[in-house]
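A.B. asks: dropping the sequence and predicted coords here.
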Amino acid sequence: MTEQLPKAISEARITIFGVELIVVQLDDGRRVIEGESLSRFFEALGSDAINFTDDDAMKVANLIAAPIPSPAREEEP
């Protein structure tokens with residue numbers, strides 16, 4: 001028996017600290033942040049120029065908790 005890999009069901013883009021993060025919702029409920037955007041985010045965190053605003057805090061909270069909307073699917077004829 002082979003284990004099925006989870007599939008991406010939706011994708012969202014969110015900008016925090018001026019860095020766009022690409023977040024993918026998997027069909028098993030997990031969220032995955034695309035590696036390159038996560039690396040840029042961590043680089044920004046190490047910068048002295050970071051100014052963490054209330055808006056940034058809300059974006060992080062929503063990234064963790066809010067559902068990512070599923071894309072509209074075209075109905076088959």
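C.D. replies: Okay, I see it.
A.B. asks: show me the contact partners of the least confident helix or strand in the chain by mean pLDDT.
C.D. replies: Sorting the helices and strands of the chain by mean pLDDT, DSSP states H and E puts helix 54-65 at the bottom, at a mean of 76. Contacting residues not belonging to helix 54-65 are listed as 14, 15, 16, 17, 21, 23, 31 [CB atoms under 8 Å, 6 or more residues apart in numbering]. Yep, even glycine has a C-beta here, placed from its N, CA and C like the rest.
A.B. asks: redo that, cut-off 10 Å
C.D. replies: Helix 54-65 is contacted by residues 12, 14-18, 21, 23, 31, 33, 50, 52-53, 66, 68 when judged by CB atoms under 10 Å, 6 or more residues apart in numbering.
A.B. asks: residue contacts, the residue sitting nearest the centre point of the chain?
C.D. replies: By CA atoms, centre = their mean, the mean C-alpha position of the chain lies nearest to residue 23, the distance being 2.1 Å. Contacts of residue 23 were listed using CB under 10 Å, 6+ apart, and they are 10-14, 31-34, 37-38, 63-64, 68.
A.B. asks: what secondary structure does it sit in?
C.D. replies: strand (DSSP: H, G, I helix; E, B strand; the rest coil).
A.B. asks: now it. Nearest residue, chain neighbours left out?
C.D. replies: Excluding the flanking residues, the one nearest residue 23 by CB to CB, 6 or more residues apart in numbering is residue 12, at 5.0 Å.
A.B. asks: number of residues surrounding the one you found?
C.D. replies: A count of nearby residues for residue 12, using other CB atoms under 10 Å, gives 16.
A.B. asks: surely it is in a strand?
C.D. replies: Yes: when three-state DSSP is applied, residue 12 is found to be in a strand.
A.B. asks: distance of it relative to residue 63?
C.D. replies: 8 Å (CB to CB, to the nearest Å).
A.B. asks: try residue 14
C.D. replies: With CB to CB as the criterion, residue 14 and residue 63 are 6 Å apart.
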